[in-house]
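**Q** Build me a structure from this.
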Amino acid sequence: MSEPAAAPDGGAAARAGRPSQRGMSLRSRLIVGFAAIAAVAIGVAIVVTASTTSYQVAQLDERLASFAGPSFIDQPLQDLPGGQRSELTRPSDAFRGYIASTGETYVFLRPNVEDAPTSVPEISVADLDPAAATYLTVPASSGDGEFRVLARPAGEGWDVTALSMDAVNSSTQRLILIETIGIALMLAGLALVAWWVIRLGVNPMRRMVDASTRIADGDLSVRLEGAGTGSESAELAASLNAMIGTLTSSLEERERSESRLREFVADASHELRTPLTTVLGYSELHRKGALRLKADQTDAWSRTEAEALRMKRLVDDMLELAKYDAEPTLAREALDLAALAADVAEGAATAFPDTSFTTTGEAVTATVDADRVRQALLNVLTNAATHGGSTVDIVAAATDAGARLTITDDGPGMPPEVAARATERFVRGDASRQRATGGAGLGLAITAAIVEAHGGTLTVESQPGAGTTVTFTLP
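**A** Sure, this is the predicted structure:
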């Protein structure tokens with residue numbers, strides 16, 4: 001089978017690189033092994049049966065030799081009355097007789113023990129050796145049973161001694177029956193084991209291979225299924241499922257990161273576009289000589305400077321965030337957060353006289369970078385005052401994990417879905433991006449970066465018309 005010339009997707013491309021030759025599957029190997037074991041067992045049974053039968057026949061031949069004794073031919077055959085000598089009867093299971101070269105059979109002694117066969121051996125002169133004793137197995141004259149025969153040359157024929165093969169044949173049949181039952185039970189047991197192995201091992205692996213193929217084709221919703229609990233396939237499936245889950249989460253996070261990056265670039269472009277447009281517009285007016293009056297020139301340069309300062313603040317904030325992304329060095333020192341909050345609130349009250357700032361709580365000490373924490377707290381207070389809050393409460397408290405600062409305002413609030421993303425870059429409570437409503441949406445992002453750099457956490461809770469609560473904890 002040749003490899004495909006082209007692949008329509010990544011999964012097909014991966015399959016195209018796989019070897020076209022496939023080895024024997026584990027299921028096929030089990031079946032072949034099962035057949036090999038069955039063949040070996042049958043072969044062993046045949047060898048055992050043959051060797052046992054051969055051994056019994058050899059013992060029978062020894063008995064024939066002991067029964068044979070001297071030849072009965074001590075007078076002319078024509079003097080044998082009725083073809084047999086009745087006076088030679090004695091308890092025996094052996095047949096004694098004589099076969100003339102012409103094929104005539106004379107019986108000297110018939111088996112006279114209980115259950116002895118009544119028939120005589122059917123012997124062909126052509127099978128006998130005129131010069132040496134011959135052992136051979138012949139059928140009974142009645143066609144039922146067999147005889148083991150010892151024929152010795154004597155006179156003009158052969159002296160014959162025969163024993164019934166019934167005992168040998170019977171034991172051989174019993175042995176064959178026992179071997180058949182034993183092999184059947186063994187094969188049944190092996191078949192059960194093979195079925196169990198296939199069910200618990202091969203089938204789950206087959207399902208996992210099929211599921212892996214679907215995953216390779218891009219379907220990450222597929223999960224692998226092992227056999228039961230505690231089996232190797234179940235453990236493998238659990239490990240692979242965990243890996244797939246991690247991979248899926250990583251891909252989803254990458255998609256979210258790419259989405260946030262695109263949003264970040266779009267937001268940054270939006271924030272930079274307006275001041276750049278303003279600067280370029282006034283520059284073009286000045287180049288064309290449209291600003292002839294001194295007042296117009298002063299106003300244009302004032303607006304250009306304001307927009308340039310706006311761009312500078314935006315770039316500075318972005319550089320600040322980049323520094324926190326690069327794990328900045330913090331100048332830590334023991335600091336009373338309650339005292340710091342009161343100092344920042346006092347400065348914010350001067351900057352926003354229409355907003356009332358109150359600080360409560362106990363003195364709580366944390367080892368932090370004072371300038372960074374001051375900046376984080378000032379960002380939160382500035383947001384609260386800028387977005388319409390008339391009252392801002394700051395509460396400092398000690399916790400088992402360290403220190404906590406809670407800032408609550410009575411402003412208009414924002415939807416929970418916006419609050420959940422408030423610490424992301426360029427996310428603002430209003431979607432209109434009016435200049436009057438605040439900056440570029442980097443204040444809380446910088447605050448969150450500062451708190452996280454200290455090993456703390458920041459949360460934002462808000463409801464429309466119910467104000468906003470910002471809580472950050474520091475270790």
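**Q** where do the helices sit along the protein?
**A** Under the criterion DSSP state H, the chain contains helices at 10-16, 26-68, 166-197, 203-216, 232-287, 294-325, 337-351, 370-386, 416-419, 443-453.
**Q** Quick check: which helices or strands does the last one pack against?
**A** Right, helix 443-453. For helix 443-453, the contact count by 3 or more Cβ pairs under 8 Å, 6 or more residues apart in numbering; DSSP states H and E identifies helix 294-325, helix 370-386, strand 457-462, strand 468-474 as packing neighbours. From N, CA and C alone the C-beta is placed, and that goes for glycine too.
**Q** Check the fourth one too.
**A** Judged by 3+ Cβ pairs under 8 Å, 6+ apart, helix 203-216 is in contact with helix 10-16, helix 232-287.
**Q** Same check on the third one?
**A** Judged by 3+ Cβ pairs under 8 Å, 6+ apart, helix 166-197 is in contact with helix 26-68, strand 146-154.
**Q** what do you get if the cut-off is 7 Å, keeping everything else the same?
**A** For helix 166-197, the elements it packs on are helix 26-68, judged by 3 or more Cβ pairs under 7 Å, 6 or more residues apart in numbering; DSSP states H and E.
**Q** Any regions of the stretch 301-450 of the chain where pLDDT drops low?
**A** 317, 320-328, 388-389, 425-441 (pLDDT under 70).
**Q** again, 50 this time
**A** Where the stretch 301-450 of the chain drops to pLDDT under 50, the residues are 431-438.
**Q** Save the helices and strands packed on helix 203-216 as JSON lines, and put in distance to residue 192, mean neighbour count and mean pLDDT too.
**A** Shown next, in JSON lines, are the helices and strands packed on helix 203-216 (distance: least, Cβ to Cβ, whole Å; neighbours: other Cβ atoms under 10 Å; pLDDT from 0 to 100):
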{"stretch": "helix 10-16", "distance to residue 192": "36", "mean neighbour count": "13", "mean pLDDT": "45"}
{"stretch": "helix 232-287", "distance to residue 192": "19", "mean neighbour count": "13", "mean pLDDT": "77"}
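**Q** between the ones you listed, which one is nearest to residue 138?
**A** Among those, helix 232-287 comes nearest to residue 138, with 62.2 Å by Cβ to Cβ.
**Q** before we move on, the earlier item: any chance of the helices of the chain in a markdown table with distance to residue 129 as columns?
**A** Shown next, in a markdown table, are those (distance: least, Cβ to Cβ, whole Å):
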| stretch | distance to residue 129 |
| --- | --- |
| helix 10-16 | 74 |
| helix 26-68 | 15 |
| helix 166-197 | 23 |
| helix 203-216 | 65 |
| helix 232-287 | 68 |
| helix 294-325 | 108 |
| helix 337-351 | 122 |
| helix 370-386 | 119 |
| helix 416-419 | 111 |
| helix 443-453 | 109 |
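**Q** out of those, nearest to residue 144?
**A** helix 166-197 (9.5 Å).
**Q** Give me the buried positions along the closest one.
**A** Using 16 or more other Cβ atoms under 10 Å as the burial criterion, the residues of helix 166-197 that qualify are 166, 168, 172, 175-176, 179, 183, 187, 190, 194.
**Q** Give me the residue at the spatial middle of the protein.
**A** residue 237 (2.7 Å; Cα atoms, centre = their mean).
**Q** one step back: looking at the helices and strands packed on helix 443-453, which is buried most?
**A** Ranked by mean neighbour count, those are led by strand 468-474 with a mean of 22 (mean count of other Cβ atoms under 10 Å).
**Q** ok so, going back, out of the helices and strands packed on helix 203-216, which is closest to residue 32?
**A** Comparing those against residue 32 with Cβ to Cβ, the closest turns out to be helix 232-287 (21.8 Å).
**Q** Domain parsing of this protein, as residue ranges.
**A** Residue ranges for the domains of the chain, per automatic domain parsing: 26-67+166-219, 69-164, 247-323, 328-474.
**Q** what are the phi and psi values for residue 420?
**A** As for residue 420, its main-chain torsions (degrees, to the nearest 10) stand at phi -60, psi -20.
**Q** what's near enough to touch the residue nearest to it when sequence neighbours are not counted?
**A** Spatial nearest neighbour of residue 420, chain neighbours left out: residue 460 (7.6 Å); criterion: Cβ to Cβ, 6 or more residues apart in numbering. Contacts of residue 460 were listed using Cβ atoms under 7 Å, 6 or more residues apart in numbering, and they are 419, 422-423, 468, 470.
**Q** Done for today, thanks.
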